[in-house]
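Undergrad: no sequence on hand, only this structure:
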């Protein structure tokens, strides 16, 4: 995840500037959000992208929906990385821009000498870890920029408050080992992803559904409860996983078919939002376990006799009503055209890896890797 955060930090900076410039110079290249969302139907992928775009705009991310879907690798990776961050709930995480003025020679040395740069950044990481009681491996320092020595810091924790310039300078000054760090001149905070482009590369119309969900069927040998009343927009996952096999998506009870599960999305994308990457560079990662682990110490009743506990992992449910209970709150829904919408994800999960307690069979727990959980459809419903 550290490398992904670094990539996203850089990508966000670039995208925001590019989007603002492109929108002013070539507005015809983009679909305005109001145009994208004007027609709600399953044959209009722009509506789905419009909902995502509106959600991102609501929390301060500069967003653009491209009219033409480019098939070039850069466009594809950009689209997938954006989708990855939405699904992983990283959108609202902050980065901190720290500007040091160490003198012209020292600034130049840090910018041009990777070894010295590493020493300085490691010293900063160590001090931040000591002062804020955050493990060093949870502090990412990236993206040095020219001029005064400017770097970006990301804390991989959900409970961290803001960095304060004066308090930081005081902490640095009062410790001889870290005195050089007291040349801190500015601290600015912003979202990790400042800007993003959305394209149809994220979606695959073959997975679209508005009705005909099926009733009384099984998937992966387990009961399938269809998401009646929801519209589904297929994600671009066909042949995207390392095994290249699509049997996990089957609906014919083959031995490799996976079960269906659901995950409600807080569309305001709070810190506990936990879903994984869906396509291309999303494949290598997985789901993030949330802070709520209510059944971790219960016995795993899906593997009787093993004596193992449910343990920590990523929660999902075979029942779309559970998804809806999470997605329909006022904090989760988003408003377009005067209507409130909730969003969720439809996933396939490997049946023999599901863990649950008989005390609550509606909550399944898995370890979050793409060998166990794969989202394949965005679900949308009016509240």
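TA: Now that the structure is in, tell me what you want to look at. These numbers were taken from a predicted model, which means no experiment stands behind them.
Undergrad: got a list of contacts for stretch 94-112?
TA: Under the contact criterion Cβ atoms under 8 Å, 6 or more residues apart in numbering, stretch 94-112 has outside partners 9, 116-117, 120, 124, 144, 146-155, 162-163, 180-181, 183-192. In this view, the C-beta of every residue, glycine as well, is placed from N, C-alpha and C.
Undergrad: any of those buried? List them.
TA: With neighbours counted by 16 or more other Cβ atoms under 10 Å, these contain buried members at 9, 117, 120, 124, 144, 148-155, 163, 181, 183-184, 187, 190-192.
Undergrad: mind checking which of those are in strands?
TA: For those, the ones inside strands are 144, 149, 150, 151, 152, 153, 154, 155, 184, 187, 190, 191, with DSSP state E as the criterion.
Undergrad: of these, which is the nearest to residue 38?
TA: Here the nearest of those to residue 38, counting by Cβ to Cβ, is residue 191; it sits at 27.6 Å.
Undergrad: need the per-residue pLDDT for that closest one.
TA: Listed pLDDT for residue 191 reads 73.
Undergrad: any idea how far residue 44 is from it?
TA: Residue 191 sits at a distance of 28 Å from residue 44 (criterion: Cβ to Cβ, to the nearest Å).
Undergrad: where does residue 201 sit: helix, strand or coil?
TA: Taking DSSP: H, G, I helix; E, B strand; the rest coil as the rule, one finds residue 201 in the helix state.
Undergrad: these two touch, right, it and residue 236?
TA: Yes: proximity of residue 201 to residue 236 meets the contact threshold set by Cβ atoms under 8 Å, at 6.2 Å.
Undergrad: so residue 179 makes contact with residue 171?
TA: No: at 10.9 Å, residue 179 does not count as touching residue 171 under the criterion of Cβ under 8 Å.
Undergrad: gap between the helix or strand containing residue 108 and the chain center?
TA: Residue 108 is part of helix 104-112, with elements assigned from DSSP states H and E. How far helix 104-112 lies from its chain's middle: 35 Å, per Cα atoms, centre = their mean, to the nearest Å.
Undergrad: try stretch 372-383
TA: Average the C-alpha atoms of stretch 372-383, do the same for its chain, and the two points are 14 Å apart (Cα atoms, centre = their mean).
Undergrad: one step back: tell me which of the ones in strands among the buried ones among the contacts of stretch 94-112 is nearest to residue 62?
TA: For residue 62, the closest of these turns out to be residue 191, at 10.1 Å, with distances computed as Cβ to Cβ.
Undergrad: distance of that closest one from residue 130?
TA: Using Cβ to Cβ, we find residue 191 at a distance of 26 Å from residue 130.
Undergrad: thinking again about what came up before, quick one: which of residue 179 and residue 171 has more around it?
TA: In terms of neighbours (other Cβ atoms under 10 Å), residue 171 is the more surrounded of residue 179 and residue 171; the figures are 19 against 11.
Undergrad: what secondary structure does the more buried one sit in?
TA: When states are read from three-state DSSP, the local structure at residue 171 comes out as helix.
Undergrad: wait, what's in contact with it?
TA: By Cβ under 8 Å, 6+ apart, the residues touching residue 171 are 127, 131, 178.
Undergrad: ok, which stretches of the stretch 151-300 of the chain are strands?
TA: Using DSSP state E, counting those that start in this stretch, the strands found in the stretch 151-300 of the chain span residues 184-191, 195-198, 218-219, 222-223, 231-234, 259-265.
Undergrad: tell me who's in contact with residue 148.
TA: 99, 100, 101, 102, 107, 185.
Undergrad: any of those buried? List them.
TA: Of all these considered here, the ones buried according to neighbour count by 16+ other Cβ under 10 Å are 99, 100, 102, 107.
Undergrad: closest to residue 316 among the residues you listed?
TA: Taking the buried ones among the contacts of residue 148 together and measuring to residue 316 by Cβ to Cβ, the closest member is residue 99, at 42.6 Å.
Undergrad: quick check: closest non-adjacent residue to residue 377.
TA: Using Cβ to Cβ, 6 or more residues apart in numbering and skipping residues adjacent in sequence, the residue nearest residue 377 is residue 346, 4.0 Å away.
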